[in-house]
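[1] got a predicted model here, sequence first, then my questions.
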Amino acid sequence: MADALREVWITGIGIVSSLGEGGDAHWQSLNEHCVNVDAKRFAPYLVHPMVSLDLDGQIPKKGDQRQMEPWQRIGTYAAGLALADAGLKGNAELLARTDMIVAAGGGERDVAVDGTILTGKPKSNDPGAFLNERLMSDLRPTLFLAQLSNLLAGNISIVHGVTGSSRTFMGEEASGVDAVRIAHARITAGQSEIALVGGSHNGEREDLLLLHDSGGYMLRPPFKAVWERANSPGMVLASVGAFLILEERSHAERRSANPKARLVEVKSQRSSRPPGAITHTLSRMWTDVAPHRRAAIISGATGTEPATSEERAWLKTLADLPARATGTSIGHGMEPQFVMNVAIATLVLGREKLFSPLDSSGVEQPYEGPLHQVAVTSVGHWRGEGMGLIEATR
């Protein structure tokens, strides 16, 4: 546990997904068991699409909006919500000292160009020359730059004026866990006082859907809750933006910021995943995190196998603790998924109650009692395990 003199408070959250914009919208949607799934646009794949956003509210310049790809707009928008929620928006002095850690994947392919090349190359008398000509003439000069994961951090800095140190992590689900872990470690070690941490993901991409389907990771219709997919496993990609403001306690107190929750601990592992490895890794991290007071679990389970079944087996060893897999309602957002679930855990603690079960598998049991702590799990669809502990400050 962090030294009491260097507690890490969560003082702001900014989240957007298919369930809506902001904490209140997500809380209401989770309580009402809302699931927004598009089964037609990318058939046979299912997608949790991003809710319609008024980009002008967080990205006021049209020029900035135009030069960003969707995943960058989603992330920049969510970051603006977090800054506003923490009372940092427009405070140049504080923003200049705010560090930033972003978890993001690469940019989006030009699908039209890919299609032209794949169609024309087999018909060409000189495939090599055809490929070279198309790449030279059809790809826009800025495409490669737009692919860079750290461009999201750059856009946040430009639009919102966050000019402290900046780090960008790649590596699917594990990158989101490590973004939060490193921010927490830097604050507890006295290397940072306040940080903007999070990421974004655009799940509405033909190239990304095809990529994950080639590995056998995509759920096919009909839609089922995460814990009910064992016989037809797979994840449903989601468009998600999630950012947190993490702040050292005394720094927050000096500016009269109200804590939403305390981030106690974050652990990350990367098992080689022979049978049983995930269950063992989760058990080991659980011992390190050690919840001890009226706790619940927010799971980042994806629905892929064997990862989800092994997490389910681990949850059975904690039968007295209620669990909820938000992937049923929000979908799977890769890099920002852990950050999103930390934000959901913060909402749970702030409202002093847990939303009702999201499925009928029996994994998620009703719970009406008080809560003081929430553990957040992250088991990547292919690699990477993580766990965090969030607790109430009251």
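    Arrived safely.
[2] low-confidence stretches in this protein?
    1-5, 140-147 (pLDDT under 70).
[3] what's the helix or strand containing Ala129 packed up against?
    Assigned by DSSP states H and E, Ala129 falls within helix 127-138. Packing partners of helix 127-138 (3 or more C-beta pairs under 8 Å, 6 or more residues apart in numbering; DSSP states H and E): helix 111-120. Using the backbone N, CA and C atoms, a C-beta is placed for each residue, glycine as well.
[4] list the buried residues in the helix holding Ala129.
    Under the neighbour-count criterion of 16 or more other C-beta atoms under 10 Å, helix 127-138 has 130, 134 buried.
[5] just want the angle from that helix to helix 111-120.
    Angle between the axes of helix 127-138 and helix 111-120 is 160 degrees (criterion: axes from the mean of the first three to the mean of the last three C-alpha atoms, to 10 degrees).
[6] roughly how far out does helix 127-138 sit from the chain middle?
    37 Å (C-alpha atoms, centre = their mean, to the nearest Å).
[7] same check, this time on stretch 12-23
    Worked out by C-alpha atoms, centre = their mean, stretch 12-23 lies 11 Å from the chain centre.
[8] ok, the residue most central in space within the chain - contacts?
    With distances taken as C-alpha atoms, centre = their mean, the residue of the chain nearest its centroid is Pro336 (1.7 Å). Going by C-beta atoms under 8 Å, 6 or more residues apart in numbering, Pro336 touches 75, 78, 103, 176, 198-201, 240-242.
[9] what does the one helix or strand Ile156 maps to rub up against?
    Using DSSP H and E, Ile156 sits in helix 151-160. Contact with helix 151-160 is made by 58-59, 61, 64, 68, 71-72, 75-76, 79-80, 83, 89, 95, 100, 102, 104, 107, 145, 162-163, 166-168, 196, 199-200, as judged by C-beta under 8 Å, 6+ apart.
[10] in strands only, show me those.
    100, 102, 166-168, 196, 199-200 (DSSP state E).
[11] ok, and the most crowded of those?
    Gly199 (35 neighbours; other C-beta atoms under 10 Å).
[12] that residue against Met100, yeah?
    No - the criterion here is C-beta atoms under 8 Å, and Gly199 misses it with Met100 at 10.9 Å.
[13] now the spatially closest residue to Ile117 that is not a sequence neighbour: how far from Lys121?
    Nearest non-adjacent residue to Ile117, counting by C-beta to C-beta, 6 or more residues apart in numbering: Arg134, 5.1 Å away. Look at Arg134 and Lys121: by C-beta to C-beta, to the nearest Å, they are 8 Å apart.
[14] for Gly115, same thing?
    Distance, Gly115 to Lys121, using C-beta to C-beta: 11 Å.
[15] go on, Glu172?
    Noted for Glu172: a distance of 30 Å to Lys121, by C-beta to C-beta.
[16] name the residue in the two with the higher neighbour count.
    Taking other C-beta under 10 Å, Glu172 and Lys121 do not tie; Glu172 has more neighbours (17 against 13).
[17] what about the residue nearest to the more buried one when sequence neighbours are not counted, helix or strand, and which?
    In space, and not counting its chain neighbours, Glu172 is closest to Met334: 5.2 Å by C-beta to C-beta, 6+ apart. Assigned by DSSP H and E, Met334 falls within no helix or strand.
[18] renumber starting at 32 from here on
    New numbering, starting at 32: the last item is Met365.
[19] next up, the contacts around Met365.
    136, 203-204, 207, 232, 268.
[20] just the buried residues of these.
    Buried by 16+ other C-beta under 10 Å: 136, 203-204, 207, 232, 268, out of those.
[21] ok, Ala406 touching Ser330?
    No - using C-beta under 8 Å as the test, Ala406 is too far from Ser330 to be in contact (9.1 Å).
[22] so which bits of stretch 238-247 are buried?
    239-240, 243.
[23] please apply the same query to stretch 291-305.
    291-300, 302, 304.
[24] all strands of this structure, in order?
    According to DSSP E, the strands that the chain contains are 39-48, 51-52, 78-79, 130-134, 197-200, 225-232, 268-269, 271-279, 292-300, 326-330, 354-356, 404-410, 416-422.
[25] the longest one pairs with which strands, parallel or anti?
    In its sheet, strand 39-48 lies beside strand 51-52 (antiparallel), strand 271-279 (antiparallel), strand 292-300 (antiparallel), with partners assigned from DSSP bridges.
[26] by how many degrees do it and strand 225-232 diverge?
    20 degrees.
[27] centre of the chain to strand 39-48, how far?
    12 Å.
[28] what angle do it and strand 416-422 make?
    120 degrees.
[29] send me strand 39-48 as CSV with only the CA atoms.
    Coordinates of each C-alpha in strand 39-48 appear next as CSV, following Å, rounded to 0.1, in the frame of the first residue of the first chain:
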residue,chain,number,x,y,z
VAL,A,39,-2.9,8.8,-4.8
TRP,A,40,-6.3,10.3,-5.2
ILE,A,41,-8.6,10.0,-8.3
THR,A,42,-9.8,13.6,-8.7
GLY,A,43,-11.3,13.4,-12.2
ILE,A,44,-12.7,11.0,-14.7
GLY,A,45,-13.6,11.4,-18.3
ILE,A,46,-15.3,8.4,-20.1
VAL,A,47,-17.2,8.0,-23.4
SER,A,48,-18.5,4.8,-24.9
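[30] pretty sure Ala226 sits against Met131.
    Yes - applying C-beta under 8 Å, one finds Ala226 in contact with Met131, separated by 6.8 Å.
[31] residues near Leu179, how many?
    With other C-beta under 10 Å as criterion, Leu179 counts 14.
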